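# Fold the following for me, if possible:
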Amino acid sequence: MDRPRVIINVAQSLNGMIAGPGGRRVAISSAHDRERVLEIRSRVDAVIVGANTVVNDNPRLNLEGYASNHNSGPIRVVLDGSLKIPDNSHILDGTSKTVVFTWNPHRELKGADLIRMSRDHLTVNEILGKLWSMGIRNVLVEGGKQVIHEFIDAGAVDEFHIFVGNILIEGGGMILFDPPEDISGVASDIRIMQGGLLISLDPHSLMIAWKKKAKAI
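The predicted model follows:
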């Protein structure tokens, strides 16, 4: 099945956390890394996040003034089965198109196009197939943990970048890979940046390691 090219990008602390306790947002990226993320957003057709990212971070997922060929930024896509994101979320501000995938048959959401699918069909591959049919050819997945894991499970990863910021998150934050050292064996490139390291993972090696770990559990 045809699907868009998938880029996953995430920021984590030195101890592997992508969020604070309870999913609380913590600023991890440096100014240079934020500029890098905006550059990626400027050349994709859509940015994908899960409902928890919207609830906890309330992101705008726009280009924040970054100069690009997009008039208003990429399409904002939210994976929200139960349709729990608040009505006042920034992504519903109308500055660019927002699409929400859900299995909830009842609630309406002003400011978003709802694509309703059955629970059985609300999967990564089905969603990517639908996005492809909408003319979307490349997407950026920005989180959260559950969504990223679902894309890895589906084998839908073409690029994977992790910015490791020079901070520690204490008190039981949300960890992306457990243990964090798991990424060291699948790294294809490591680059020093202002405020941290940018680690690029090899998708093929990541899939092999992911499947081995799943079998061992």
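# Longest helix of the chain, counting residues only.
Using DSSP state H to assign secondary structure, the helix with the most residues in the chain is helix 203-216.
# give the contact list for the residue nearest to residue 202 when sequence neighbours are not counted.
With sequence-adjacent residues excluded and distances taken as CB to CB, 6 or more residues apart in numbering, residue 202 is closest to residue 188, at 4.0 Å. All C-beta spots, glycine's among them, are computed from the backbone N, C-alpha and C. Neighbouring residues of residue 188 by CB atoms under 8 Å, 6 or more residues apart in numbering: 200, 201, 202, 205.
# next one: residue 128
3, 4, 6, 139, 156.
# Just the ones of those in strands?
Of the positions in the contacts of residue 128, 6, 139 sit in strands, assigned by DSSP state E.
# So which of the contacts of residue 128 is the closest to residue 78?
Distance to residue 78, by CB to CB, is smallest for residue 139 among those, at 12.5 Å.
# Show me the beta-bridge partners of that closest one.
Per DSSP bridges, the residues bridged to residue 139 are residue 6, residue 46.
# can I assume residue 140 is in contact with residue 42?
No - using CB atoms under 8 Å, residue 140 and residue 42 do not qualify as a contacting pair, with a distance of 10.0 Å.
# Between these two, point out the one with more neighbours.
residue 140 (25 against 15; other CB atoms under 10 Å).
# Which pLDDT does the model give the more buried one?
pLDDT, residue 140: 99.
# can you give me the strands for the protein?
Counting by DSSP E, the strands of the chain are 5-12, 17-19, 46-50, 75-79, 98-102, 113-116, 138-143, 159-165, 174-175, 187-193, 196-201.
# so where's this protein uncertain?
Applying pLDDT under 70 to the chain picks out residues 67-71, 180-181, 216-217.
# Most neighbours among the contacts of residue 128, which one?
Neighbour counts for those (other CB under 10 Å) peak at residue 139, which has 27 neighbours.
# Any figure for the gap between that residue and residue 75?
9 Å (CB to CB, to the nearest Å).
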